[in-house]
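>>> Got a predicted structure plus its sequence, pasted below:
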Amino acid sequence: APNISVANVQAHLNQFQSIARANGGNRAHGRPGYLASVNWVKSKLDAAGFTTRVQSFTYGGATGYNLIADYPGGDANNVIMLGGHLDSVTAGPGINDNGTGSASILEVALQMKATNFQPTKHVRFGWWGAEELGLRGSTAYVNSLSTTEKSRIKAYLNFDMTGSPNPGYFVYNGADGQPTGSVALQQRLQAGFTSLGVQTELTNVGGRSDHAAFARANIPTGGTFTGAEQTKTSAQAAKWGGTAGQAFDRCYHRSCDTTSNINATALDRNADVIAYALWATAS
Ligand code: PHE
Ligand code: ZN
Ligand code: ZN
Ligand code: ZN
């Protein structure tokens, strides 16, 4: 798998921040900064030869949008999906939550093309709308699939908050009682961090992000996370550095969730692990 350039991921984050600044300070569902974000990501993927589609849905009296991008080729009966939510809360530009996951999977997608990766499985990406209002976009996407289409999706990997300023290195627990958390996907993500020499902890994310929409449809799921409002313990600071007694992300859901609210090392490591897991899962 390629080593993902964190500078490229950060350049995408700068774009999200510019889009928010030009659109009233956020990229929230039903606001112009959201659709501008969709259109910008779509343009990058179109230029790289992906087949893209914008799926509309309605929530709370506003139109929401999911962006779906298919990498050409691979076995259509064996689909690996990666996704993350592209919407922010209204309070701010949503750079860690979830510019990071959105920008990282975008850069991984672009590197598939740049390295001429030819996976045996078919690879599809999703950028979800209205996660912040209750997983609305990812749920609309999963509900739009036929039983056959759902059964073709063999794995869904979710990335929501991967550059927290006081980071932890969490992998979704594949055995946390969710319908279809996947221990195999969990172990693949853990192996990615191990290859970087980074210790991880398992986290029970439950229904807190878009993987839950896929889990409810019995699709195996996994993901990584660098922490939100919870406090880093002294044991965690000893293993990961950073500040004990402080939140992983003190700007969670606030106006200060800007490009200053990012730990570049965590962002880079997670992006590298996304590539590691995709190359291993899709080959
Ligand atoms: N989904 C939460 C949000 O967007 C953040 C989160 C991500 C929480 C992953 C837990 C695990 O606000
Ligand atoms: Zn890297
Ligand atoms: Zn959020
Ligand atoms: Zn989020």
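It's in. Ligands and ions are numbered 1, 2, ... in the order given.
>>> from memory A103 sits against V9, does it?
Yes: the pair A103 / V9 is scored as a contact, 5.0 Å apart, by C-beta atoms under 8 Å. C-beta here means a position set from N, CA and C on the backbone, and glycine is covered the same way.
>>> Okay, and H122 sits in which element?
strand 121-128 (DSSP states H and E).
>>> The helix or strand that comes right after that strand and ligand 1 in contact?
Counting by DSSP H and E, the element after strand 121-128 in chain order, helix or strand, is helix 136-144. No: Helix 136-144 stays clear of ligand 1 (C-beta under 6 Å from any ligand atom), getting no nearer than 10.7 Å.
>>> Name the residue closest to the centre of this protein, please.
The centroid of the chain falls nearest to F159 when counting by C-alpha atoms, centre = their mean (2.6 Å).
>>> And the pLDDT at the nearest residue to E229 once chain neighbours are set aside?
Closest residue in space to E229, ignoring its immediate chain neighbours: Y252 at 4.8 Å, by C-beta to C-beta, 6 or more residues apart in numbering. pLDDT, Y252: 99.
>>> Y252 should be in a helix, yeah?
No: Y252 is assigned coil when assessed by DSSP: H, G, I helix; E, B strand; the rest coil, not a helix.
>>> quick one: it and T226 touch, right?
No: the pair formed by Y252 and T226 falls short of the contact definition of C-beta under 8 Å, at 11.1 Å.
>>> Same drill for those two, tell me which one is more crowded.
Neighbours were counted for Y252 and for T226 using other C-beta atoms under 10 Å; T226 has more, 26 against 21.
>>> which residues sit in contact with the more buried one?
By C-beta atoms under 8 Å, 6 or more residues apart in numbering, the contact list for T226 reads 161-164, 167-170, 248-249, 263, 266, 270.
>>> now, which of those residues sits nearest S234?
Ranked by distance to S234 (C-beta to C-beta), the contacts of T226 are led by G168 at 12.9 Å.
>>> Work out for me the element the nearest residue to the closest one once chain neighbours are set aside sits within.
Once flanking residues are discounted, G168 sits nearest to G227: 4.2 Å by C-beta to C-beta, 6+ apart. Using DSSP H and E, G227 sits within no helix or strand.
>>> G227: neighbour count?
Residues contacting G227 under the criterion other C-beta under 10 Å number 26.
>>> And for Q178?
Applying other C-beta under 10 Å, we find 19 residues neighbouring Q178.
>>> Quick one: residues contacting it.
Counting by C-beta under 8 Å, 6+ apart, Q178 touches G206, A212, A215, T221.
>>> ok, now L202?
Shown in contact with L202 (C-beta under 8 Å, 6+ apart): F170, V171, Y172, N173, D176, Q186.
>>> How many residues are close by the first one?
What that stands for is F170. F170 is flanked by 24 other residues according to other C-beta under 10 Å.
>>> Quickly list what it is bridged to.
E201, F225 (DSSP bridges).
>>> any idea how far ligand 4 is from it?
Distance, F170 to ligand 4, using C-beta to the ion, to the nearest Å: 13 Å.
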